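Asks: Below: sequence and its predicted model.
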There are 2 protein chains.
Amino acid sequence: MAEPRSEQQLDSVFHRPQRGRRSQPALSRERIVAGTIALLDRDGARALTMRKVAAELGVHATSLYWHVERREDLVDLAVDGILAEAAAGLPGPEAPWARAVKETAHRFYAALASHTWAGEFAGSRPLVGPNAVALSRRIVSALGECGGSEESRAVAIRAVSNQILGAATSAAAMSRGVHDEARAAAVSASEVLAVENGYFEQVLDLVLAGVEAREGA
Amino acid sequence: MAEPRSEQQLDSVFHRPQRGRRSQPALSRERIVAGTIALLDRDGARALTMRKVAAELGVHATSLYWHVERREDLVDLAVDGILAEAAAGLPGPEAPWARAVKETAHRFYAALASHTWAGEFAGSRPLVGPNAVALSRRIVSALGECGGSEESRAVAIRAVSNQILGAATSAAAMSRGVHDEARAAAVSASEVLAVENGYFEQVLDLVLAGVEAREGA
DNA sequence: ACCTGAACACCGTTCAAGT
DNA sequence: ACCTGAACACCGTTCAAGT
């Protein structure tokens, strides 16, 4: 039974105080995150065990506990890790709001969908890492420019973020889903993803059409 | 490493052939599903272990394997179980398409959101049980009446189902999320759910406004 | 400061055995 | 047909011990 942690405690999952070091330690936050992501990409969500992450890094499972408090911290760090690139290239403040929403949402979704294990964790862990927050904030700020009441902006924000989370979750579920052999033979997983990526753009356009229709009313 | 199962195999998870029986068995599909749901409602997703489900039913863990093939079957059965009520009261074919979509989507979402553990499993298990399928089909048929190309209907279907899945996933994640004590003291979990339920309706209206705007264009 | 090793209380699943 | 019991190969996490 893990008890809930306060904002401040959770913040310390992502930003750990640096210590002065004399001899180079074998493990570090960065190495642990990289190893965890490599393991997840290779073997999937179910392979995320303390022992396997440790083995990936040539170390004992118990050693990880010096650097993280619990297994769930590895999940949070890995998920936020794959959002780093997406969060690094956000549209600037000069971008028109609709384009900023579309581009940010697409980067967010594409990062999650290209590592399907991330979608598998989306329901059990809130996305509160710094990169997820940066992406969310950019969407919020863009939708803040489109006019309307505070209430209607709150609705638009939820519509867009549900779209991202729903598409990522469904991509993850599909990747573990019923494999009709004929279909599996015909189209590879990456082709499916390409099609779904195209749908994501259209679906988001549809949502934004709703936002604009509302704004015009 | 569980290997994927074909459509037919998966179907047999939900519809098991009935056998003639002489003496009443202690366990049954129905009792197992009911016990699993009770356990999940009481103790959460992490409590779903074969041993605990068995204890809930006063039986040994290994006995469950006579009735199900693996732990994941319990997940599938429990999730589809909580969708039974929602699938039982679908809007009839005479309902106007937009109302049918809204009502069905709301029933779907509300069922998932009122058992947050279901949202936690949404990313790891595709919703392919008979009740989930019935709900999805009703949404598909309703959106089939709203005109537009096949492509645009496919987009609308994804928009609505992403909305359901995204809202349910985010409700689940929030229920395990950062507990700001002040906020937790001020509003109970059920109050939050009530607010989010209201948002869901508005968000769905927004999406449907997009569908209608597209159709008008 | 950082890692090891033993230990504890769990897991899912298998299979032979009972009735 | 249906359930038990022992067993196997795992889990996360703790803590004393090493360096």
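Replies: Ah, there it is.
Asks: Can you tell me the closest non-neighbouring residue to A:Leu112?
Replies: The shortest distance from A:Leu112 to any non-neighbouring residue, by C-beta to C-beta, 6 or more residues apart in numbering or on different chains, is to A:Ala168 (3.8 Å). (Each C-beta comes from the backbone N, C-alpha and C, glycine too.)
Asks: And that neighbour, what's its pLDDT?
Replies: In this prediction, A:Ala168 carries a pLDDT score of 97.
Asks: show me the contacts for it.
Replies: Residues in contact with A:Ala168 (C-beta atoms under 8 Å, 6 or more residues apart in numbering or on different chains) are A:109, A:112-113, A:118-119, A:122, B:123.
Asks: Looking at those residues, spot the one nearest DNA strand C.
Replies: B:Gly123 (18.2 Å; C-beta to the nearest atom of the strand).
Asks: Could you export the contacts of A:Ala168 to JSON lines, including columns for distance to A:Ala134?
Replies: Shown next, in JSON lines, are those (distance: C-beta to C-beta, whole Å):
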{"residue": "A:Tyr109", "distance to A:Ala134": "15"}
{"residue": "A:Leu112", "distance to A:Ala134": "15"}
{"residue": "A:Ala113", "distance to A:Ala134": "19"}
{"residue": "A:Ala118", "distance to A:Ala134": "16"}
{"residue": "A:Gly119", "distance to A:Ala134": "19"}
{"residue": "A:Ala122", "distance to A:Ala134": "17"}
{"residue": "B:Gly123", "distance to A:Ala134": "22"}
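Asks: From those, which land in helices?
Replies: A:109, A:112-113, A:118-119 (DSSP state H).
Asks: from those, which two are the most distant?
Replies: A:Tyr109 and A:Ala118 (10.7 Å; C-beta to C-beta).
Asks: Counting neighbours, what do you get for A:Thr94?
Replies: Residue A:94: Glu, not Thr. Neighbours of A:Glu94 under the rule other C-beta atoms under 10 Å in any protein chain shown: 6.
Asks: now for the longest helix anywhere in chain A, which elements pack on it?
Replies: Taking DSSP H as the criterion, chain A has its longest helix at helix A:189-216. In terms of contacts (3 or more C-beta pairs under 8 Å, 6 or more residues apart in numbering or on different chains; DSSP states H and E), helix A:189-216 is packed against helix A:97-113, helix A:150-175, helix B:150-175, helix B:189-216.
Asks: hmm, who's touching the helix or strand harbouring A:Ala86?
Replies: According to DSSP states H and E, A:Ala86 maps onto helix A:84-88. Here helix A:84-88 makes contact (C-beta under 8 Å, 6+ apart) with A:107-108, A:110-111, A:130-132, A:134-135.
Asks: repeat that with 10 Å
Replies: A:33, A:80, A:104, A:106-112, A:129-138 (C-beta atoms under 10 Å, 6 or more residues apart in numbering or on different chains).
Asks: What's the mean pLDDT across that helix?
Replies: The predicted model assigns helix A:84-88 a mean pLDDT of 98.
Asks: again with stretch A:126-137
Replies: 96.
Asks: How about that stretch and chain B, any contact?
Replies: Yes. Using C-beta under 10 Å from any C-beta of the partner chain, we find that stretch A:126-137 touches chain B at A:126-128.
Asks: before we move on, back to that, which of the contacts of A:Ala168 lies at the shortest distance from A:Leu204?
Replies: For those, the nearest to A:Leu204 is A:Tyr109 (8.4 Å; C-beta to C-beta).
Asks: count of neighbours near that closest one?
Replies: 27.
Asks: hang on, isn't it packed against A:Gly198?
Replies: No. A:Tyr109 lies out of contact with A:Gly198 (C-beta atoms under 10 Å); the separation is 11.9 Å.
Asks: and stretch A:145-160, anywhere near chain B?
Replies: Yes. Applying C-beta under 10 Å from any C-beta, one finds stretch A:145-160 in contact with chain B at A:151-152, A:154-160.
Asks: one step back: between A:Tyr109 and A:Ala118, what contacts are shared?
Replies: A:168, A:171.
Asks: phi, psi of A:Ala26?
Replies: Main-chain torsions, A:Ala26, degrees, to the nearest 10: phi -70, psi -30.
Asks: how deep is it tucked in, by neighbour count?
Replies: Neighbours of A:Ala26 using other C-beta under 10 Å come to 10.
Asks: Could you tell me how far it is located from DNA strand D?
Replies: To DNA strand D, A:Ala26 is 11 Å away according to C-beta to the nearest atom of the strand, to the nearest Å.
Asks: correct me, but that residue touches A:Gly35?
Replies: No. At 11.7 Å, A:Ala26 does not count as touching A:Gly35 under the criterion of C-beta under 10 Å.
Asks: which residues are common contacts for those two?
Replies: With C-beta under 10 Å, 6+ apart as the test, A:Ala26 and A:Gly35 both reach A:57-59.
Asks: just checking, A:Ala105 touches A:Val140?
Replies: No. With contact defined as C-beta under 10 Å, A:Ala105 does not count as touching A:Val140 (11.6 Å).
Asks: neighbour-wise, which of these two wins?
Replies: Neighbours were counted for A:Ala105 and for A:Val140 using other C-beta under 10 Å; A:Ala105 has more, 25 against 17.
Asks: Identify the residues contacting the more buried one.
Replies: Here A:Ala105 is in contact with A:135, A:138-139, A:142, A:160-161, A:163-164, A:167, A:200-201, A:203-204, A:207-208 (C-beta under 10 Å, 6+ apart).
Asks: cool, and A:Thr36?
Replies: Applying C-beta under 10 Å, 6+ apart, the residues near A:Thr36 are A:47-48, A:52-53, A:56-57, A:64, A:68, A:73-75, A:77-79, A:81.
Asks: nearest spatial neighbour of A:Asn162, skipping sequence neighbours?
Replies: According to C-beta to C-beta, 6+ apart, the nearest residue to A:Asn162 is B:Gly166 (3.1 Å).
Asks: if we can go back for a sec, any of the residues of stretch A:145-160 next to chain B buried? List them.
Replies: Among the residues of stretch A:145-160 next to chain B, those classed as buried by neighbour count (16 or more other C-beta atoms under 10 Å in any protein chain shown) are A:152, A:154-160.
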